[in-house]
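Participant: Below is the sequence, then the predicted model.
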Amino acid sequence: MGISRQCASKWVNRYRRVGEVGLLDRPSVPHRQPRATPPGVVARIEQWRRARKWSARRIATELHAQGVAIAVRTVSRHLAHLGLNQRRFLDPSGENNRAPRPIVARWPGHMIHLDVKKVGRIPEGGGWRVHGRGSDHHRTTRRAKTAGARTGYVYLHSAVDGFSRLAYTEALPDEKAATAIGFTHRARAFFAHHGITHVHRIVTDNGACYKAKDFATALRGARHQRITPYIPRHNGKVERYNRILAEEFLYARVWTSERQRSQALAVWNVHYNYHRPHTAAGNQPPASRLHTGVTNVNASYS
């Protein structure tokens, strides 16, 4: 049966002592736990969580103030054991949960959203979308990758004005801090050309390129606001733009080289800003919300 003699002996002795009840599964919790959290403290943790909806860190702080030394991780473990570790578990109907506040840009330049989208680089001659999976070209490309000649990635840096949804995108080789800083300067020149000369707030995620100290040189008086970790909704305008970029440009047609796609990106930017209707702009192009009279849509910002 795949068990040891000692295990069989243990079960036989339990059966001889208490009968079939002794064959039931038993918890693996030790009989004695001298360092376990006292039941009274666990009861306080549950009471504060249910009544005041405090976080684990707040509960640990309050317990420390009352002379109870307990770690935040220990409080989190007890909340998970009680089934109260997530806010929605306190009120499954959501009646008392706070509704998320809308993130509204009040004027052009109020909030500029930045983000980077990582996409695979297209090999010369096209990838599997052109030749099909299992084709000779596809197998040759895979053998080259196995040998170390990797195709690599392209990083699409994008900036979106939260008020008008005017967007600016560049295909760059990496997402280092210096690259992000250079892109931000060029994006600000693009927005300035469209009348957005003052940027009040720059919103980014918590990527390493935006957390670098040198990124402050690209702010030029603007406030840098990083979103709450793991809540991309706070940067939702540029996240939605990335989805539009993927659906209507990146995978909307077949590309035969990375150069072809990069050159077409500039054309698609003009289409998005000046021709494509956007629901946030009343089914008008994003540039229509600026009223700046810009006519030279092919201006350079390098």
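Facilitator: Thanks, I have it.
Participant: Could you use CA atoms for every contact and neighbour count after this?
Facilitator: OK.
Participant: For Asn206, see how far away the residue most central in space within the chain is.
Facilitator: Using C-alpha atoms, centre = their mean, the residue of the chain that lies closest to the mean C-alpha position is Pro232, 4.7 Å off. Remark: distance between Pro232 and Asn206 (C-alpha to C-alpha, to the nearest Å) = 10 Å.
Participant: same check, this time on Gly195
Facilitator: 29 Å.
Participant: now Asn13
Facilitator: Counting by C-alpha to C-alpha - Asn13 and Asn206 are separated by 59 Å.
Participant: now swap in Arg50 and tell me
Facilitator: Note on Arg50: its distance to Asn206, by C-alpha to C-alpha, is 31 Å.
Participant: again, but for Gln260
Facilitator: 31 Å.
Participant: Looking at the two, which is more packed in?
Facilitator: Neighbour tally, Gln260 and Asn206, criterion other C-alpha atoms under 10 Å: the higher count belongs to Asn206, 15 against 12.
Participant: and the nearest residue to the more buried one once chain neighbours are set aside, how many neighbours does it have?
Facilitator: Spatial nearest neighbour of Asn206, chain neighbours left out: Arg226 (6.1 Å); criterion: C-alpha to C-alpha, 6 or more residues apart in numbering. By other C-alpha under 10 Å, 16 other residues sit near Arg226.
Participant: residue contacts, Arg226?
Facilitator: Residues in contact with Arg226 (C-alpha atoms under 8 Å, 6 or more residues apart in numbering) are Val203, Thr204, Asp205, Asn206.
Participant: Can I get stretch 14-28 as CSV, trimmed to CA atoms?
Facilitator: Only the C-alpha atoms of stretch 14-28 are listed here, as CSV (Å, rounded to 0.1, in the frame of the first residue of the first chain):
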residue,chain,number,x,y,z
ARG,A,14,-5.2,4.0,17.3
TYR,A,15,-7.9,1.5,16.2
ARG,A,16,-7.2,-0.7,19.2
ARG,A,17,-7.5,2.2,21.6
VAL,A,18,-10.6,4.1,20.3
GLY,A,19,-12.0,2.1,17.4
GLU,A,20,-12.8,3.5,14.0
VAL,A,21,-12.7,7.1,15.3
GLY,A,22,-9.0,6.7,15.6
LEU,A,23,-8.7,6.2,11.8
LEU,A,24,-10.1,9.7,11.0
ASP,A,25,-7.8,12.4,9.8
ARG,A,26,-6.3,14.5,12.5
PRO,A,27,-5.1,18.2,12.3
SER,A,28,-1.4,18.7,12.0
